[in-house]
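Visitor: just the structure for this:
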Amino acid sequence: MIVADVTLREHGQNVRAAALDRFTVELRVATARALIDAGVRRLEILSCVSPRVAPAMAPELLAEVARGVGRRDGVRIVTLVPNLRGYETFRDCGLVEQGHAVGLFLSADPAHNRANLGRSVGESLNDCEATAGAAQADGAAVVGYVSGAWGWQPSASGEHEPLYVGAVITLARRLAGLGCETVTLSDLQGLASALRTRERLEEVRRELPGNTVLGHHPHHADPATSVALASAAYDGGARLLDGSLGATGGCVVGEAPGNAPTEGILAMLEQRGVASGVDRAAVEAAAQRFHESQQGG
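Guide: Predicted coordinates:
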């Protein structure tokens, strides 16, 4: 069972330039190291997106954080890469040498994909294919993410069109075919019930190769509900669950509320008797330190 922590990437993409004095390189490195020392074996810490949108992801900061964390045996560090231009940043920052995996991502919901990436789903899939090819030529591993796997409800419209599972299966299978070790489905806004979460994971799991690990990335305004959705995802076959310290993070463009708390997912798995190999007390301590560091104006 893999419990992944996405705090530094999720929160980092939302940090404004005026708050970089709190979200420092030193804090990011210390947090990543604390999570690794606690037994977390998969982390998202960086994203190769425009620094105009995410100042904390400026190339010089990406390189400094990556050097500070370093390569860790048995630890999969993921950096999200939206396209070939982003992959050039990934390469230039030395992330190939640091052993980072390339996170390919797109949305199953056409409206959300257009809002988030400025592209059609088909165009984004082409970007994923080109980026995967470049990464694999350099010897970098790739992992995949399907956002909006239960649809998207823009607040401006207040409407939510059902997203049929076939669209999700198609993208998940294409990502697996590109060599992605894992394919993670994201419920951007907690639109799915526990039942629908389990059912969709079961349907996608049946259509993926047996060696592809299926993951779940929940968002919800209520941390307890997001943990319940993660539990339902486990029942549906997910063996990778994404969490964030103290449920921090979210996505402004996607109108996605906070994440599932990493420490809450660990507690849920313990109650179910599922081994994660992670020290929950150490993660809780890291969550407290991170929360305190981000307080202020």
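Visitor: wouldn't residue 78 be in contact with residue 143 here?
Guide: Yes - with contact defined as Cβ atoms under 8 Å, residue 78 reaches residue 143; the gap is 5.8 Å. For glycine as for every other residue, the C-beta is placed from the backbone atoms N, C-alpha and C.
Visitor: quickly list what's touching both of the two.
Guide: Common neighbours of residue 78 and residue 143, using Cβ atoms under 8 Å, 6 or more residues apart in numbering, are 101, 102, 103.
Visitor: between these, which is nearest residue 11?
Guide: residue 103 (16.0 Å; Cβ to Cβ).
Visitor: leaving out chain neighbours, which residue sits closest to the closest one?
Guide: residue 80 (4.1 Å; Cβ to Cβ, 6 or more residues apart in numbering).
Visitor: same thing with residue 232?
Guide: Using Cβ to Cβ, 6+ apart, the closest residue to residue 232 is residue 194 (3.9 Å).
Visitor: now the one you found: how far from residue 267?
Guide: 17 Å (Cβ to Cβ, to the nearest Å).
Visitor: with residue 224 instead?
Guide: Distance from residue 224 to residue 267, by Cβ to Cβ: 11 Å.
Visitor: for residue 82, same thing?
Guide: Applying Cβ to Cβ to residue 82 and residue 267 gives a distance of 33 Å.
Visitor: what's the answer for residue 92, then?
Guide: 40 Å.
Visitor: returning to that earlier point: the residue nearest to residue 103: neighbour count?
Guide: 23 (other Cβ atoms under 10 Å).
Visitor: what is it paired to in the beta sheet?
Guide: residue 47, residue 103 (DSSP bridges).
Visitor: I'd say it and residue 105 touch.
Guide: Yes - taking contacts as Cβ under 8 Å, residue 80 lies within contact range of residue 105: 5.9 Å.
Visitor: which neighbours do these two share?
Guide: Between them, residue 80 and residue 105 share the contacting residues residue 145, judged by Cβ under 8 Å, 6+ apart.
Visitor: neighbour count for residue 82 and residue 267, which is higher?
Guide: residue 82 (23 against 15).
Visitor: the more buried one contacts residue 54, doesn't it?
Guide: No - counting by Cβ under 8 Å, residue 82 does not reach residue 54; the two are 11.4 Å apart.
Visitor: and stretch 86-97, what's buried?
Guide: 86, 87, 89, 90, 91, 93, 95, 96 (16 or more other Cβ atoms under 10 Å).
Visitor: ranges for the strands of the stretch 151-297 of the chain?
Guide: 182-187, 213-218, 240-243 (DSSP state E, counting those that start in this stretch).
Visitor: need these in TSV with mean pLDDT and distance to residue 272, can you?
Guide: Formatted as TSV, the strands of the stretch 151-297 of the chain follow (pLDDT from 0 to 100; distance: least, Cβ to Cβ, whole Å):
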stretch	mean pLDDT	distance to residue 272
strand 182-187	97	20
strand 213-218	96	15
strand 240-243	98	12
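Visitor: quick one: closest of these to residue 25.
Guide: Among the strands of the stretch 151-297 of the chain, strand 240-243 sits nearest to residue 25 (Cβ to Cβ), with 23.0 Å.
Visitor: list the contacts of the closest residue to residue 62 other than its chain neighbours.
Guide: Leaving aside its chain neighbours, residue 62 sits nearest to residue 93 (4.6 Å; criterion: Cβ to Cβ, 6+ apart). Residue 93 is in contact with 48, 59, 62, 63, 66, counting by Cβ under 8 Å, 6+ apart.
Visitor: hang on, isn't the first one packed against residue 89?
Guide: Meaning residue 48. Yes - proximity of residue 48 to residue 89 meets the contact threshold set by Cβ under 8 Å, at 4.4 Å.
Visitor: what sits in contact with each of those two?
Guide: Shared contacts of residue 48 and residue 89, counting by Cβ under 8 Å, 6+ apart, come down to 62, 81.
Visitor: where do the helices sit along the stretch 1-150 of the chain?
Guide: Assigned by DSSP state H, counting those that start in this stretch, the stretch 1-150 of the chain shows helices spanning 7-14, 25-37, 59-69, 84-92, 110-117, 121-137.
Visitor: same question for the stretch 151-297 of the chain.
Guide: Under DSSP H, counting those that start in this stretch, the stretch 151-297 of the chain gives helices at 165-177, 194-207, 223-235, 262-272, 280-293.
Visitor: so which of the ones you listed is the most surrounded?
Guide: Mean neighbours per residue, mean count of other Cβ atoms under 10 Å, is largest over the helices of the stretch 151-297 of the chain for helix 223-235, with a mean of 22.
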